[in-house]
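Peer 1: what's the 3D shape of this:
(2 chains)
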Amino acid sequence: MKISLNWLKDYVALDASAEDISRAVTFLGFEVEQVIRTGAPRLEQVVVGEILTRVKHPNADKLSVCTVDVGPAGGVKTIVCGAANCDAGHRVPVALPGAVLPGNFVIKQSKIRGQLSDGMMCAPDELGMGVDHAGLLILQGKPALGTPINDVLPAGDTVFDIEITPNRPDCLSHLGIARELAAWFRLPLVYPQEKFRGEVDDTPRPDLLGTVRVDASEDCPLYTAHIITGIKIGPSPAWLQERLRAVGVRPINNVVDVGNYVMLETGQPLHAFDARKLGGGQIIVRRAADGEKIVTLDGKERALSSRMLVIADAVRPVVVAGIMGGENSGVADDTTSLVLECALFRRQSVRWTSKRLGLASDSSYRYERGVDPHSTLEAAWRAVDLIIATAGGQVVGPVYQVGGDVPWKREIVVTHDFICERLGFDIPAADMKASFESLELHVVREEPTPQRGIAWTISIPSWRDDLDRPIDLVEEVLRLYGTEKIPASVVSMPGLVGDDAPIVRFNRRVTDYLVGHDFHECVNYTLRPAKELATWVSQTAAVELALANPFVEDQSHLRPTLVMGLLESLKLNQSRGVVVSRLCETGRIFIESNGQNLECAAVALIMADPIGERAWRTRAPVDFYTVKHHVTALAAAAGVDLALQPLVPVSGSFYGWQEGQSAAAGEMAAGWTARFGLLNLAMVKSLGIEGRVYGGIFAILPEKFAAGTLRRRYADFSLFPSALRDLALVVDAATPAEEVRETLAKTTRAALGGAFVLESVDVFDVYQGSGLPEGKKSLAFSLVFRATDRTLTDDEVNGVSAKIQDELVKTTPYQIRK
Amino acid sequence: MQATLTALVTKAQADLAALRTRPEFEAAKARLVGPNGELTALMKQMGTVPKEERPAMGKLINETKTRLQALLDTALQQIEAGELARQLGPAVDPTLPSPDTGPGTYHPLTLVREEMCRILRKVGFTVADGPEVETEFYCFDALNTPADHPARDAQDTFYFPESARFGNVAKKNPGEKYLLRTHTSSVQIRTMLQGSPPIRIVSPGRVYRRDTTDASHSANFHQLECLYVDKNVTVRDLKALLDYIFESLLGAGTKTRFRPHYFGYTEPSFEVDLSAKHLPKVNKEWIEIGGCGMVDPSVFETVGYDSTVWSGYAFGMGLERLAMTLYGIDDIRYFYQNDLRFLKQFA
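Peer 2: As a prediction, this is how the structure comes out:
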């Protein structure tokens, strides 16, 4: 809200500088977004002068040398000027040597490019009047030479643009801010004194207004109406226009301006009707009928609903209550009698209607936040005074008042000790009491308590609905004491009461792993476009992941994978000519499973062909097994051993993985899932990405971490030497290596019969091609045997080896490759 | 005989020096000192030496044997050195760059988050986590945000359709809607409901606002919040924590100040300003860096803590904003574009 300093001075005798006031407002708890100075500040040694001659500066193209007559202030001066409009004949502000312009700019006699200059002619910004630096300020109306400039220019004002927190609607007014500043500076606050205080000749005037009825009192707890007749609509007096302009409100006419003025002064919105235009001389506060229409002051037709409150006359709605008047009931140039509405509307009702209609105003803003329920009549009287003063006329007929009969009383008991304990330091009781009183939080009782110091019973004024509990008064005391004075101290903390959440430790561990493997950690948006999801999940899953109210089209769905974001980062780098290969990310993803979404912690990586990279030595390219290696390590960080998990090929046309070149495990059956391999070539190409991209992702339900991991038990190992045998098997090319390995391991263990141990069995060669039948491949395994109690002899190992081969030939389709 | 022995040594000296491989060496060794070697042959001739010369001759033979052994050892060392030398390629040019990619980099948001967590751990705060999809209860109701509060508007908060189901985010009340959390304060509520005081947590995480993306706004960003619940926690303690955090982060001479403010879940509430003119691109005396306050008694009541016994404070800040201040970054979107030229600057 814009607050004018001149205006504030009507209520509190502030003599502090604008800087100090700005600081006070800040530490009272309101953010000063901007301080705007209007008009001219007080300036000494700046006078009216007339330019007599102008010649080009001999040593500078853009400068002129002028002679300027400042009359009795010093006669004719020579002044060098850079402005384009320093033409002879203009009267302009002249800062004489010794003047101090805003910004602490001291004017001295000086030489400019070799020419003596005895002062400065000024542009508006140099006088502190806004930011205009287009040229000299040309003074109109031939003011006398040598006149102090403040006698010629409009008086200055300082306007503070202040953000009012939602708990303080009382400060959406000059009086509210004045009250706060009076408390801060410990100055008295002077309220406006209304001459009119409700006394009228209440002879009915049904010709002007016969009835005021409230049909929806829960949404309108108080409605008042005053009738003023014999007014003359015209422009407001200069002082009123100046006040409004200072705070950014356009003057319209005396009645409308008074309404705005009183709202900006007290925070209470008002509305004036032309009495002639109220059909049937009636005011009815009621709910609108569904589909009822009104054309509001902004010229738009609005369709109303039965939850909306309107002010209506006998035939039609004339105001959307508390928000905006109708086009055809307001005051006009020929209005002579008016009805002044000053009312209370329920916050929630105004808010709902304003939101629903997409219609807000200074009035609705205040009603939504809460208007002081017990100052309504004072505001009405204030407006009546000002209307009569500016538009003439008199109050006639009865003053209508419906509702408003619930008295206000709130008291809070708080002790001195309670406040000190909450603050952690001591403020003398007398200071606290003075703070309360200065905010009009009157101490109605004060009594000592046995253990808790003085107990105050404090009466809370009706405009401070935010104060409800003793803790609320702690803040009031601290605000006025000054939060800058909170004493420093040392953080005193005993030991840890917990440890970092397991999921946090997982994220750290995998990020450390990936960064240690030369990946660049990325952060991408969680919300992704619908069309992108089609690549990764089924249609039904995409529906489940949709937001109800996306803000922009390309951020409409929760991400089901981190890979899409990484591809976007990849593409961005490629398109900017940055060589990029390894990217990774940790973060939440959302996986649809059996008709519900699961929020999962995930870690993903991509390894792309480093397009544009030119190295003097080439390294082995990345393949499926590179990403398998990394994803296995990531899964291990979550306690999942991928080597023990069945891996299945990823299939299905809507997935982003390349069929036959990728694998999946887990699939959320045990609360985790892993996918890795080559990303679909066509999909990658369609994104505009060059080259092949391998990727991998591991995701797990956060609650899986809460279970903790089993403590591993140590297993003894043999210190005797191992015996090694190789065995190559010829199998169908389509048979997975792991299936063969498992069969071999099982057969071997059976053949051993516990005599000694098969320590490991691993593939060390895969061969397909000449020397083998079509459709076959050879898998060569290395078997490591060991006994716990002795060195194995060749004979016993050979015996077992022969037995394995016999068994394999008998029970499997595999052939032994000799 | 003596002359023969001397000649043997002289010849061996020349022959052995020329050896390059182990087989050559083994052959030479056999030829000299093997069972059929030259020295052995000479020793066999001892019988022909007159008896009185035998001791001197024996001594001479032993000396020859020792000398030959020394020559053999030297030759073997040379061969081994030669073998190791052959494993090496030509000398490297150490100024050539490594053809391997890397090193990897941590995202600046991770760096800032982890630094904050380390600073806070030193004074007893450990990291807590919670879901990003939340319900109205945890995000608003429990934090004293009334049903008609503007922050809850569909205009400012992302909601899910009433039909949406999140299997691992439990609703407190059946009728409430799912939403994307607007602050990490929901983690405070979950932590307080699950545990019991004293509590000292820091909860960094991703939050969402329905906002236009521009240089200083982003549809999702990251927050970091601290919550401390214990007996006799005071405003002064809160100020001490903030002073400690920012002095640790930015060095001695960094100042913080509190400005009274309003948040529904703290009372009193403050905005926190930071004065650190030594940072890059800082041209203001005070930078607004976060919000804080004493936990509102109504929040304690919601989670079932007795507000006459327990008190506490909470502090929250935006991580992007902190990172922007620390590093002098002027556009929040850079955090989400992942241009490597950006990412590589913070490692």
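Peer 1: near A:G516, how many other residues are there?
Peer 2: As a burial measure, A:G516 scores 11 neighbours (other Cβ atoms under 10 Å in any protein chain shown). (Each C-beta comes from the backbone N, C-alpha and C, glycine too.)
Peer 1: which SS state does the residue of the stretch 1-150 of chain B found nearest chain A fall under?
Peer 2: Closest to chain A within the stretch 1-150 of chain B is B:G102: 3.3 Å, counting by Cβ to the nearest Cβ. The local conformation at B:G102, judged by DSSP: H, G, I helix; E, B strand; the rest coil, is coil.
Peer 1: got phi/psi on the closest residue to chain B within chain A?
Peer 2: Across chain A, no residue is closer to chain B than A:G424, which sits at 2.6 Å (Cβ to the nearest Cβ). Backbone torsions of A:G424, given as degrees, to the nearest 10, read phi 90, psi 10.
Peer 1: ok, how many other residues are close to it?
Peer 2: A:G424: 18 surrounding residues under other Cβ under 10 Å.
Peer 1: that older thread, hmm, A:D518 and the residue of the stretch 1-150 of chain B closest to chain A touching each other?
Peer 2: Yes: the pair B:G102 / A:D518 is scored as a contact, 3.3 Å apart, by Cβ atoms under 8 Å.
Peer 1: any chance you could map the helices in the stretch 51-200 of chain A?
Peer 2: Taking DSSP state H, counting those that start in this stretch as the criterion, the stretch 51-200 of chain A carries its helices at A:174-185.
Peer 1: so which bits of it are right by chain B?
Peer 2: Selection of the stretch 51-200 of chain A residues close to chain B by Cβ under 8 Å from any Cβ of the partner chain yields A:165-168.
Peer 1: give me the buried subset of those.
Peer 2: Those of these that meet the buried threshold are A:165, A:167-168, by 16 or more other Cβ atoms under 10 Å in any protein chain shown.
Peer 1: OK, contacts around the residue of the stretch 1-150 of chain B closest to chain A?
Peer 2: When contacts are counted by Cβ atoms under 8 Å, 6 or more residues apart in numbering or on different chains, B:G102 touches A:D518.
Peer 1: dump the residue contacts of residue 319.
Peer 2: Went with chain A since none was named. For A:V319, the contact set (Cβ under 8 Å, 6+ apart) comprises A:271, A:310-311, A:325-326, A:329, A:341.
Peer 1: try chain B instead
Peer 2: B:L319 sits next to B:109, B:112-113, B:116, B:204, B:221-224 when contact means Cβ under 8 Å, 6+ apart.
Peer 1: which of the contacts of A:V319 fall in strands?
Peer 2: Of the contacts of A:V319, the ones assigned to strands by DSSP state E are A:271, A:310-311, A:325, A:341.
Peer 1: and the furthest pair within the residues of the stretch 51-200 of chain A next to chain B?
Peer 2: A:P166 and A:R168 (7.6 Å; Cβ to Cβ).
Peer 1: which neighbours do these two share?
Peer 2: Listed contacts common to A:P166 and A:R168 are B:Y262; contacts here mean Cβ under 8 Å, 6+ apart.
Peer 1: any idea how far stretch B:77-92 is from the chain center?
Peer 2: Once both centres are worked out by Cα atoms, centre = their mean, to the nearest Å, stretch B:77-92 turns out to sit 39 Å from its chain's centre.
Peer 1: and the contacts of it?
Peer 2: Identification of contacts with stretch B:77-92 by Cβ under 8 Å, 6+ apart yields B:17, B:19-22, B:25.
Peer 1: most neighbours among the residues you listed, which one is it?
Peer 2: B:L19 (20 neighbours).
Peer 1: give me the distance between that residue and A:V46.
Peer 2: As judged by Cβ to Cβ, to the nearest Å, B:L19 and A:V46 stand 105 Å apart.
Peer 1: now swap in B:E301 and tell me
Peer 2: B:E301 sits 63 Å away from A:V46, taking Cβ to Cβ as the criterion.
Peer 1: contacting residues for the most centrally placed residue in chain B?
Peer 2: By Cα atoms, centre = their mean, chain B has its centre lying nearest to B:Y106, at 8.4 Å. With contact taken as Cβ under 8 Å, 6+ apart, B:Y106 is in contact with A:511, A:515, A:521, B:114, B:346-347.
Peer 1: A:Q805 too?
Peer 2: Contact partners of A:Q805, counting by Cβ under 8 Å, 6+ apart, are A:727, A:816.
Peer 1: mind checking what secondary structure it has?
Peer 2: Applying three-state DSSP: A:Q805 is helix.
Peer 1: same deal with A:L533?
Peer 2: Following three-state DSSP, A:L533 is assigned to helix.
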